[in-house]
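Q: coords please:
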Amino acid sequence: HYTMIDWILFLSQSEREEFEAEFKQKYEREKILLTEENRKLSNELDKLTAMFERLSINNRQLEEEMRDLADKKESVAHWEAQITEIIQWVSDEKDARGYLQALASKMTEELEALRNSSLGARATDMPWKMRRFAKLDMSARLELQSALDAEIRAKQAIQDELTKVKASSISTECKLQESEKKNSDLLSEIEKLKKETEELRSEKGVKHQDSQNSFLAFLNAPTSALDQFEIDSVENFTLSNTPSRDEDIKSRLHSRSRSPSTASDIEPIEVLIFRTSAYEFIICPIQSFLMRAHQFVVKSFHIPTKCNQCTSLMVGLIRQGCTCEVCGFSCHVTCADKAPAVCPIPPEQTKGPLGIDPQKGIGTAYEGPVRVPKPAGVKKGWQRALAVVCDFKLFLYDIAEGKASQPSVVVSQVIDMRDEDFSVSSVLASDVIHANRKDIPCIFRVTASQLSASSNKCSILILADSENEKSKWVGVLNELHRILKKNKLKDRSVYVPKEAYDSTLPLIKTVQAASIIDHERIALGNEEGLFVVHVTKDEIIRVGDNKKVHQIELIPNEQLIAVISGRNRHVRLFPMAALDGRETDFYKLAETKGCQTIVSGQVRHGALTCLCVAMKRQVLCYELNQSKTRHKKIKEIQVLGNVQWMSIFNERLCVGFQSGFLKYPLHGDGNPHSLLHPDDHTLSFIAQQPTDAICAVEISNKEYLLCFSSVGVYVDCQGRRSRQQELMWPATPSSCCYNAPYLSVYSENAVDIFDVNSMEWIQTIPLKKVRPLNTEGSLNLLGLETIRLIYFKNKMAEGDELVVPETSDNSRKQMVRNMNNKRRYSFRVPEEERMQQRREMLRDPEMRNKLISNPTNFNHIAHMGPGDGIQILKDLPMNLRPQESRTMFSGSVSIPSITKSRAEPGRSMSASSGLAARSSAQNGSALRKEFSGGSYGTKRQPMASPSDGSLSSGGLDQGSDVPTRDYEREDSDSPRHSTASNSSNLSSPPSPISPHKTKSLSLESSDHMSWDT
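A: Next up, the predicted model:
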């Protein structure tokens, strides 16, 4: 029983303890919650207290401000009261002054009255009064006389005006009578012509309705100014731009008489001419009362169109000029201000006779359809073209085949008559052997000096419609050329094309980029790698590996050269020392895979050089420094579109993409700035018609020229249009280069030069398939049958950027070399590569046997005796000691040719095909051997490409005495010989004091030794 009770008590005690524990936990939780709530309330109380303090402070401040304002208001009221009092004082003073003045005048009058009425008046007062009255009378008389003179002058002026009005009315009546008489004569003539037309219709059985329809059809048919002008002879050719009705009628009648149409078609034309003239006399007086301003809008023409004001061609691809929406008057944008103020313009003023102003050289003299040879030559036939003689230039526009085809606005060829060698002449049958005999009398030839890259004159053949038409063309062109010489118009040409180097050099055929290092050296990048060509010494140095080079950028401030090379188009940095042939390391920018273009420039006022690399829509900016890798990435820019062009202007990167240009800051943060302001509606056509961005030119700090594929526009630093006139391209441009202040625009058939300041088209270099190799456009590649490296020499520059060696007796560079010209090119490669080639050749007897071929022509080889030649090659040491000092090995590659040698008695000489072996002394202990590659043959063969040609190796061994002693022992009985060479390399002539002997070994082309090795 006690156990049960104890158990019950134990249970009740445990339950009480559990209850107490739960109550304690609940109490703790509530305590914690109340504590947290108390803390929150205290925090809120603190916040409210702080807020109350702030509000109280603000309230006090507001109260203080209210008190200050009340004080100020009281002071202002006080000031206003004072000002009012001052004004009252001033008005009182004015009233007092007026009262005093009136009182003084009244007292004066009373004093005068008392004086006059006084009995004691003296006799001297009367003369004083008389004098005063006399003065008053004199002044009144003078005023009347001046008024009378003014009235007389006014009447005389009115009389003169009446006389002038009478004279003008009389002359107007006379003119009106004359015009009425002419009008009646013309009406009678029209009636007479109508009767003749009716008689002709009745004779031919033509119905009136049909003729009326044909006349209306002709009236509504658009007539082009390009098909209406004809010149009878050179004597009738006029240079006046003044409209003449008689000459206009004569020219129209002449064109009517030459028209190959029937008589029924002729009559409506004649009626149209006189009806137009009568219509002019009828509507001109009415138009004089309806004068209003033109409503010009910029328009794009789809065929060649002349300006109605200056008669010059409106050259361009789009927006060539402006047209009045009311009367259709078309002109240049610059000629709009000079247009007649009357709108609509009377018909007799819209088209004056064509001609060129001999002083300014502006205007169109002659035009017409012609035919030019097809690109494959006269043998393949002729193609249609439109020829226009305008601004002392001959323009040729291609016309597609088809009756309804119209000429394109793209100029296919431009020949400047200011050329020194310009001439026009007929041709003989021997000159055009592939032409049809019937066409020979209609063919004439235009000759100029810049139609090809050669300095020899080149001609273009033109086929006219008839022999008479050919005579007109020849006469007009010769007469214009005579006038041009007589007036001595200034030759505005800037560039003279010259061939920078011999076109037979295989490196030139695959050139992708180039750059001018100094006056004598150029860097060439092609599919084989990067090369430095010394144009005066004919020395070529390979730089770096054999990866294809796409672009070259010289960075002289950091002594670096940046190139885009390789299949993946990575950017590599080479030190300038590598251009001298030294072995240096290059630095590869790993993040630049797929690079499109690069540009360098200085920022931070010249303290930092920046290199920008464009890859599609991304531009990476690198800082060039003196660290181990020479570069450090500083910025990454995302562009709105694919980067098409970029440059650094005034420490900002200017990027061109489709229909836009943006400027990005290179250091620091900042938003890009557009060079086309979105609010300028005059530039909205660029965004509406997507066009490629070719380049931008910084004319000044406040003006830029933006060049697109269709047009060039001038904008200010805010992106708004700065000039109304736009720069027009004669043909579709492929690229642009800028060399201040001249912009070179490259197209398929020519290079056009513009002055960006005056906006003048100053020169056209008609070279086809030319593309620039550097950003300045000084080095270019001419992609004709013979690929040539062309240098544009700037005549305006003080000195030549590149010294081009003369190769003939002429004063200018001969761009086509003759067959007797022998050039040797010395290719310098690193020493280790030369030594490796030499070891491989000496280890493998089969390769050595293949390399040493049997001679095939003995005309140029003299016997040297046994033991020479091959024996020397066999006895060469297999292991050479390492070089103590770094030297250069050279091999020679040249155009194979026969070199004549003259043997002396007792001596034997050897000459390879167009290659020479030379010996030179370097400090009395150096031996230089050259193994020449080529083939013996009686005919001169063109040089093969670098990958197909052979390259032999030789060594310059310094510090190795054993091989030298072996040579001396073996050659002790043989005299020293040297082979003459027509090489311009001044660094290695035969030295008479050399202790060693030069041997020439002929090596055939081999597949084991290629350009890469």
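Q: Residue 540 in helix, strand or coil?
A: Going by DSSP: H, G, I helix; E, B strand; the rest coil, the secondary structure assigned to residue 540 is strand.
Q: That one reaches residue 528, doesn't it?
A: No: counting by Cβ atoms under 8 Å, residue 540 stays clear of residue 528, with 11.0 Å between them. In short, each C-beta sits where N, CA and C put it, glycine included.
Q: Show me where the chain has its helices.
A: Secondary structure of the chain by DSSP state H: the helices cover 2-117, 125-204, 208-220, 245-258, 263-288, 347-350, 467-487, 684-688, 831-843, 845-851, 870-874, 961-970.
Q: What's the local residue count around the nearest residue to residue 327 once chain neighbours are set aside?
A: Leaving aside its sequence neighbours, residue 327 sits nearest to residue 344 (Cβ to Cβ, 6 or more residues apart in numbering; 3.4 Å). For residue 344, the count of nearby residues is 18 (other Cβ atoms under 10 Å).
Q: List the contacts of residue 344.
A: 287, 324, 326-327, 329 (Cβ atoms under 8 Å, 6 or more residues apart in numbering).
Q: What is the nearest of the residues you listed to residue 507?
A: Of all the contacts of residue 344, residue 329 has the smallest distance to residue 507: 56.8 Å, by Cβ to Cβ.
Q: Between helix 467-487 and the lengthiest strand in the chain, find me the angle.
A: Longest strand of the chain, by residue count under DSSP state E: strand 377-390. Angle, strand 377-390 to helix 467-487, by axes from the mean of the first three to the mean of the last three Cα atoms, to 10 degrees: 50 degrees.
Q: quick one: common contacting residues for residue 540 and residue 528?
A: residue 507.
Q: thinking again about what came up before, could I get the helices of the chain as a markdown table with mean pLDDT, mean neighbour count and distance to residue 303?
A: As requested, the helices of the chain are exported to a markdown table (pLDDT from 0 to 100; neighbours: other Cβ atoms under 10 Å; distance: least, Cβ to Cβ, whole Å):
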| stretch | mean pLDDT | mean neighbour count | distance to residue 303 |
| --- | --- | --- | --- |
| helix 2-117 | 89 | 10 | 78 |
| helix 125-204 | 85 | 11 | 33 |
| helix 208-220 | 37 | 12 | 19 |
| helix 245-258 | 38 | 14 | 20 |
| helix 263-288 | 35 | 14 | 23 |
| helix 347-350 | 70 | 16 | 18 |
| helix 467-487 | 92 | 17 | 21 |
| helix 684-688 | 92 | 14 | 20 |
| helix 831-843 | 70 | 16 | 61 |
| helix 845-851 | 59 | 14 | 66 |
| helix 870-874 | 42 | 13 | 73 |
| helix 961-970 | 38 | 13 | 78 |
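Q: what about the spatially closest residue to residue 703 that is not a sequence neighbour, distance to residue 486?
A: Computed as Cβ to Cβ, 6+ apart, the closest residue to residue 703 that is not its neighbour in sequence is residue 722, at 5.3 Å. For residue 722, the distance to residue 486 (Cβ to Cβ, to the nearest Å) stands at 39 Å.
Q: Also residue 30?
A: 118 Å.
Q: that older thread, which residues does the residue nearest to residue 703 contact?
A: By Cβ under 8 Å, 6+ apart, the contact list for residue 722 reads 702-703, 714-716.
Q: which two in those residues are spaced the farthest apart?
A: Greatest spatial distance in these: 702 and 714, 10.9 Å, computed using Cβ to Cβ.
Q: Quick check: which of the contacts of residue 344 has the minimum pLDDT.
A: In this model, the minimum pLDDT among these belongs to residue 287 (40).
Q: follow-up on the earlier one: buried ones from the contacts of residue 722, can you make that a ChimeraX selection?
A: A single ChimeraX command is used to select the members of these judged buried by 16 or more other Cβ atoms under 10 Å:
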select :703,714,715,716
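Q: Export the contacts of residue 722 as a markdown table, with columns for pLDDT and distance to residue 166.
A: Listed next are the contacts of residue 722 as a markdown table, based on pLDDT from 0 to 100; distance: Cβ to Cβ, whole Å:
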| residue | pLDDT | distance to residue 166 |
| --- | --- | --- |
| 702 | 91 | 59 |
| 703 | 95 | 57 |
| 714 | 97 | 55 |
| 715 | 96 | 58 |
| 716 | 95 | 57 |
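Q: Narrow the contacts of residue 722 to those in strands?
A: Per DSSP E, the contacts of residue 722 map to strands at 703, 714-716.
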